[in-house]
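[1] sequence first, then the predicted structure, then my questions.
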Amino acid sequence: DSGVTQTPKHLITATGQRVTLRCSPRSGDLSVYWYQQSLDQGLQFLIQYYNGEERAKGNILERFSAQQFPDLHSELNLSSLELGDSALYFCASSVPGANVLTFGAGSRLTVL
Amino acid sequence: AQKITQTQPGMFVQEKEAVTLDCTYDTSDQSYGLFWYKQPSSGEMIFLIYQGSYDEQNATEGRYSLNFQKARKSANLVISASQLGDSAMYFCALGRNQGGKLIFGQGTELSVKP
């Protein structure tokens, strides 16, 4: 157990729907990162939050949004889902100034 | 811009032998770090080893070592005495030393044969 908790582990939904993925970072970690892993795109950085504020943005679609709450957990919202959004979504966390990211087990999203 | 390249989509190695997984990178940063992660078939991402750009010695962690050649911009992972449990995807990643996002390569699938 890495200490980073992601829910749900698996999610199956239909095109056009909206889902929310949740992440609780390791105790003491202030940064949360979201990544998308798909067969064609590989591991893509989506967005980073640090202590509640957006710190860096990657290849995140406009249909996707995220936030980090005061208790430091984070949610990734995916809306108007398309077949191509099917992927494994990872959350990772790190302590301030640290360079190693600790990953959660991932949330596997299947869009039918 | 930062870029990571892993040119070996798949590799085979005999159990108990050593194997080298290639990784080259490109960055304009002076201070950066290189990372290797393992992803078994179960899907989780497991951190293996880290090398800072200013580290003069190659990093080692148990059976893992990182062959860092700064002038050639390469950071190859060496796994000694391969075990069946080493069969997995291996990802090389590039980031800044002071923390922040990592950029990942496309990965190398390693298969260890008994």
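    Noted; the coordinates are in hand.

[2] so how far is chain B from the residue nearest to residue A:8 when sequence neighbours are not counted?
    Ranked by CB to CB, 6 or more residues apart in numbering or on different chains and with sequence neighbours excluded, the top spatial neighbour of residue A:8 is residue A:107, at 6.0 Å. Glycine gets a C-beta too; all of them are placed from N, C-alpha and C. Distance from residue A:107 to chain B, counting by CB to the nearest CB, to the nearest Å: 10 Å.

[3] ok, residue A:107 touching residue A:7?
    Yes. Using CB atoms under 8 Å as the test, residue A:107 is close enough to residue A:7 to be in contact (7.1 Å).

[4] show me what contacts residue B:73?
    Taking CB atoms under 8 Å, 6 or more residues apart in numbering or on different chains, we find residue B:73 in contact with B:24-26.

[5] tell me which of the residues you listed fall in helices.
    Counting by DSSP state H, those place none of their members in helices.

[6] quick check: bridge partners of the residue nearest to residue A:8?
    Counting by DSSP bridges, residue A:107 forms beta bridges with residue A:89.

[7] would you report the backbone torsion angles of residue 56?
    Unless you meant another one, I'm taking chain A. Residue A:56 adopts backbone torsions of phi -150, psi 150, taken as degrees, to the nearest 10.

[8] not quite, go with chain B.
    Note on residue B:56: backbone dihedrals following degrees, to the nearest 10 are phi -80, psi -30.

[9] just give me the residue closest to the centre of the chain.
    As the question left the chain open, I've gone with chain A. residue A:34 (3.4 Å; CA atoms, centre = their mean).

[10] if you could check chain B rather than the one you did, that'd help
    The C-alpha lying nearest the average C-alpha coordinate of chain B belongs to residue B:36 (CA atoms, centre = their mean; 3.5 Å).

[11] residues near the residue nearest to residue A:8, how many?
    As a burial measure, residue A:107 scores 22 neighbours (other CB atoms under 10 Å in any protein chain shown).

[12] try residue B:22
    Each residue near residue B:22 was counted by other CB under 10 Å, and the total is 17.
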